[in-house]
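# fold the stuff below for me.
(2 chains)
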Amino acid sequence: MRVGVEVGGTFTDWVVTQGDRVLRIGKVLSTPGHPEIGVMNALDEAAVSLKDIGSLVHGSTIATNVVVERKGAITALVTTLGFRDVLAIQRQAKQRLFDLFYKHPEPLVPRHRILEAREKVAPDGAIRQPLVMDGVVDRLERLIAEDGVESLAVCLLHSYANPAHEQAVERAIARRLPHLHISLSSDVLPRFREYERTSTVVMSAYTKPVVDRYLGQLERQLIERGFTGHLNVIQANGGSVPAQAIRRHAVKMILSGPAAGVVGAAALAVEAGFPNIITFDMGGTSTDVCLVNDGEPRITTDYKIAGLPLALPMIDIVTVGAGGGSIAAADRGGIMKVGPESAGAAPGPASYGRGGAHFTVTDANVVLGFIRPDAFFGGKLRLDTDAARVALDRVAAALGMESMAAAEGVRRLVNFTMAQAMRLVSVERGHDPRDYTIVAFGGGGPLHAAQLAEDLGCAQVLIPVNPGILSAFGLLIANTQQDFMATRIAPAGAATRDLLVESFEDLDTRARREFDGYGIAWDAVERAHALDMRYVGQAYELSMPVDDFVSGETPLAQLVPRFHAFHRSRYGHASSREGVEIVNFRVTAVHRSAVQRAGMAPVPPAGERATDVAPIWLDGQEHACRFYRREGLPLGHVIKGPAVIEEATATAFVPAGWVASVEDGGNMLLRRT
Amino acid sequence: MDPVSLSVIGHAYVAIAEEMGVNLYRSAHSTIVREVRDMATALFDADGNTVAMANWIPMLLNAMEPAAKALRRHYDFRQLRADEALLTNDPFDGGQHINDVLLFTPIIVDGDVIGLSCANVHHLDLGGGAPANNAGATEVFQEGIIFPPMKITLGQDWEDTPFGKFFRANIRVPEKTIPDFNAQIAACRTGEARIAALCAKYGKEAILEFQREIQDYSERIIRGAIDQIPDGDYRAEAYMEDDGTGAPGPFVIRVTVRVRGSDMLLDFAGTDPQAKGFINIPLASTHATCRTTIMSILQAGHLLVNAGAFRPIQVAAPPGTLVNPARPAATRARTSTCYKIFDAVNYALAPVMPEKTIAPGFDCQTGISMALRREGRFQVLSEVLGAGVGALYDQDGADGMIMHLTNGMNTPVESVEIEFPFLEILRYGLMANSGGPGKFRGGLGMERKYRLLEEGVHFGLHSDRHKHSAAGLFGGLGGVPGACFVERGRETIHLGSKVSAALRAGDILTVRSGGGAGYGKVIERSPSLVERDLREERITLEHAVSAYGASGRAGVPA
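Here you go, the predicted model:
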């Protein structure tokens, strides 16, 4: 038996599977502060005996929260003499113009906990100044006594080219201070650009003890209750790894939950025959979107959290502050804005009737008739339409608009904000959204997806069964995956087979050691090879798959021409006169998950096909609209828009000109006619 | 247009301008573009009014509209055809300093020009008397090639053409500069394509209506903000210490900010005549500085900054002065002088806007260049050093950050050492004690220390405030000035703030920027802030005692 438990900000979702079958699903309230209690509550609700669980896969916001809320370990940093302020200076520029009060986001390590070691490695890895530790360990001991330092990051210049000095620092410190957590930049991110690398290794050191403690507690409690299976955790690259392994690289757990959603959506969509999708996960305060090509989520190394760079390979998820709780308001020039402020769960939207006075996206959906007061949350929370109207009138007056026009405006604006996020992951990265199907999940996704699709020119929207727990399901689908890279700058035109084979062999050796540690046989591990390349003189590389070059299938003479074409497709121009260089070698090692079928649930029995008609407000007038219960719709059933389809945790809207059909596996497909 | 559509299309415009810029720096080749991001991208209406701009260098962004207006005197934008482009870097006809080349391309929908797409890029080297930066220049001709306002057809005039060959032959680093131009052209193309797509979606008429209304919207907000300032004439001045030629300084900027209702005039009557050296401000840069300064003091949001926001703000810059020099004045180091406008305007408005204005930061652009010619090819590094920012009414100035008119990023130490093997960087960090004391102290200045590994590297620097620092606001004191010196064996050679010099192998070169000025009186500073600065080694115990009167032990103020 396999169990997935995903801890989110509001809910902890769970799924139990046996072989290819989903046995049960559900969700309980999260328990912020002690998320492991929520996990235990989920397991109680799932009513499974812990000794029957072969593997438990976990996703959690813990690492994300540690950074956002600044609740990480007290951390120190060792740098090269002369470069203590790299972390404070950042990239020196402002992230917001016309703001005289602007300051950089506060670094995770204050200046007095940054120590300098006399040493210097040259860019080619040669030792320019041998390492002298004088006094570093003594000062560190004092910081442990005075500040309670428990974690240490080490980032020396050019350590990607030669990690010897970082490793020597680690040895010298570990000998005297064996209990200190130590993270090396050459281990976490062996890549040039000192600020981004320092920021990443510091974040790693900062999150490690907290995540380590949390997973330790969780594991202990599980074992006390009889758990003997494997505990795995999902990482930001969408791969699942044993909890023991993530405890060394805790920072990879940032964005764990949203990554699981993308993995779940991708797997489900591939099985349904849609390899190219844009995932659309709309929650209460924010929306996450991601582009998936051929079932593979796009990866980025250019991510920032709370303004601080995290340059590890991560699923390229764009988050915008637009959700059901996003607040609508008039700005000082009289134009409407929606979000990023959110009414949250308390007091919540005005229609929750818990004292919220702000008009939110959910309130707009209530006033416009898309969400019926009795049908929300499976009837567990009866909404107050009048309270929503009062809040609406106030906003409309401030904007000088008719109330219903303002309510429609809120929907339009929040749809626009979410569509912009989708444009960012598609158009702005060289992909045409018209080639993609939107997969809508989370509480709000199905209600807004078709209109976003119209905006972007997408012809189809796929709504999974139980869209609310797709992330938990993604945990079980996720493959075991790790990324390995090395910076080795070389002219691409002169690249030899030996260079390729040698560089990738080094990475393979590291990968093999890692997977051996997981107890996974090496011949069951697939590898994908890529080179980060650029024109000589550029600063930003493009990561280009090169499996066919590694296998010898394509001659190396094609490497440079392929790069020209690759660059042209991304930026619209190429410089065939300019030299091309290889910067980084990358290997992604994958062990496929046992659960490959994404069948989310048995097709629900055709129940009572209850339909009724209620008014909705659309395009400036009232329309009679059919409302359906999703559970009552049999396989193959087709509904013409405009229609609203309600289920326990989500509501879907099918606009005029669209049809919805119930597909194999119970997914619902919305198509433009 | 309804408030929802205005918001939707407005944000789409800003996002398009951003996308243009991201494509530009990611595919550019020189460090000055790809790392420092000394560039700007924006979208205009067909009359050359700014509609939306991206989040890059404010000075470059706000200089685009004056350039468009200058080009419009020569060309009718509505007659432009696809593949045509307008170009200028002429400091006396819409341009800024020579290195900043503005490129405009028409956005054509159904045969009509409905707007312009623009990218403004600081190019690494456009020829002239020294690589990247000629500190001794006394005429614009010594600073590089001038492109007067001109129209070219990109497909037939660029690269392998007489024009392209001529250009390539006159610059030092064509293998970087030509790809940078290509990235600039591609950025304009991105803007054209995306705005055309917006027209297809919302209709051309709606987009034209949007262009008008977003400007009215911004004007409304900015007028509302100016209206809050009491009517009056507010005067102040600030100065440059020298102009790089040894001529006796100072060179003084004098401004009167005249507020009447919702209108504002920045009058520079009384400003010193133009200098012989390269510190003169081309008129477009004077406009750009005034706009950036006022938008910052009024805390304008990003969506707001377009031509409408500038309508209530007039500038009077007397010809022949530092702020409106006559041809052929040299202008390469104009940014440091622009900061004196920024300081003078803040000084002038501080008495009536004490919670919005800022004390002077180091407020000089510290531009460093290193060039080496090897086997007939030049390698040119051009980078910008941040400094201490001025303090505000409720916070210390930022330590080691870029100043507010510009927004150049630093070049990673590792990038510099990989790409320029003729030098090594020994230190890059903050200067303790350099922030001007006050209730809130000024930010700390910075230091970049290089060791030269080869003979014959040409070093260029333009900065200022190496002798004196500017006073703070409401009793706050000035920070520590900047410095530049070379250690050669046992000798230390002081180089001043404007340098063009040959260095030797083994030289250790130090460039320092100064600290920002404080805000409010020293005696009002909270002891806990002094303690924090001591703990974090941003000040030493001696400084705590001398500047804040802290008692000797533990740094607790007496």
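# can you list the domain ranges for the chain.
Picking chain A for this. A:2-67+A:212-253, A:75-208, A:480-591, A:600-672 (automatic domain parsing).
# nope, chain B please
The record's domain parsing of chain B by automatic domain parsing lists B:3-214, B:358-525.
# scan chain B for its longest helix.
helix B:174-202 (DSSP state H).
# quick one: pLDDT of the spatially most central residue of chain B?
Nearest residue to the geometric centre of chain B (Cα atoms, centre = their mean): B:Thr406, 3.3 Å. Looking at B:Thr406, its pLDDT reads 88.
# need the contact list for it.
B:Thr406 is in contact with B:Asp38, B:Ile57, B:Pro58, B:Met59, B:Thr335, B:Gln365, B:Val384, counting by Cβ atoms under 8 Å, 6 or more residues apart in numbering or on different chains. In this view, the C-beta of every residue, glycine as well, is placed from N, C-alpha and C.
# what about the nearest residue in space to A:Ala250 that is not next to it in sequence, distance to A:Glu6?
Nearest residue to A:Ala250, sequence neighbours excluded (Cβ to Cβ, 6 or more residues apart in numbering or on different chains): A:Val211, at 3.6 Å. Note on A:Val211: its distance to A:Glu6, by Cβ to Cβ, to the nearest Å, is 16 Å.
# more neighbours: the two, which one.
Counted by other Cβ atoms under 10 Å in any protein chain shown, A:Val211 and A:Glu6 do not tie: A:Glu6 has more neighbours, with 31 against 27.
# where's the more buried one, which helix or strand?
For A:Glu6, the host element (DSSP states H and E) is strand A:2-7.
# quick one: residues in contact with stretch A:577-584.
By Cβ under 8 Å, 6+ apart, stretch A:577-584 touches A:191, A:485-493, A:495, A:531-537, A:541, A:543, A:559-560, A:563-564, B:29, B:175, B:179.
# and it, how far out from the chain's middle?
Stretch A:577-584 has its C-alpha centroid displaced from the chain centroid by 31 Å (Cα atoms, centre = their mean, to the nearest Å).
# same deal with stretch A:665-673?
25 Å.
# what is the mean pLDDT for that stretch?
Stretch A:665-673 shows a mean pLDDT of 91.
# burial measure for the closest residue to chain A within the stretch 51-200 of chain B, as a count.
Closest contact between the stretch 51-200 of chain B and chain A, by Cβ to the nearest Cβ, is at B:Ala186 (4.8 Å). Applying other Cβ under 10 Å, we find 18 residues neighbouring B:Ala186.
# pLDDT score assigned to it?
pLDDT, B:Ala186: 91.
# that one and A:Gly572 touch, don't they?
Yes: between B:Ala186 and A:Gly572 there is a contact at 5.0 Å, judged by Cβ atoms under 8 Å.
# what sits against the residue of the stretch 51-200 of chain B closest to chain A?
Each residue near B:Ala186 by Cβ under 8 Å, 6+ apart is listed here: A:Tyr571, A:Gly572, A:His573, B:Asn23, B:Leu24, B:Ser27.
# go on, B:Cys199?
Contacts of B:Cys199 (Cβ under 8 Å, 6+ apart): B:Val109, B:Ile114, B:Ile207.
# lowest mean pLDDT among the helices and strands of chain A, which one is it?
Scoring the helices and strands of chain A by mean pLDDT, DSSP states H and E places strand A:21-29 at the bottom, with a mean of 81.
# and A:Gly4, what are its bridge partners?
Assessed by DSSP bridges, A:Gly4 has beta-bridge partners A:Val15, A:Val57.
# does it touch A:Leu470 like I think?
No: at 10.5 Å, A:Gly4 does not count as touching A:Leu470 under the criterion of Cβ under 8 Å.
# and the gap between the closest residue to B:Ser469 other than its chain neighbours and A:Gly344?
Sequence neighbours aside, B:Gly478 is the residue nearest to B:Ser469 in space, at 3.4 Å (criterion: Cβ to Cβ, 6+ apart). Distance from B:Gly478 to A:Gly344, counting by Cβ to Cβ: 46 Å.
# tell me which of these two has more neighbours.
Higher neighbour count among B:Gly478 and A:Gly344: B:Gly478, with 24 against 17, using other Cβ under 10 Å.
# next up, the contacts around the more buried one.
B:Pro360, B:Gly436, B:Gly442, B:His468, B:Ser469, B:Ala470, B:Ala471, B:Gly472, B:Ala517, B:Gly518.
# so the second one: helix, strand or coil?
This points to B:Gly436. The three-state label given to B:Gly436 by DSSP: H, G, I helix; E, B strand; the rest coil is coil.
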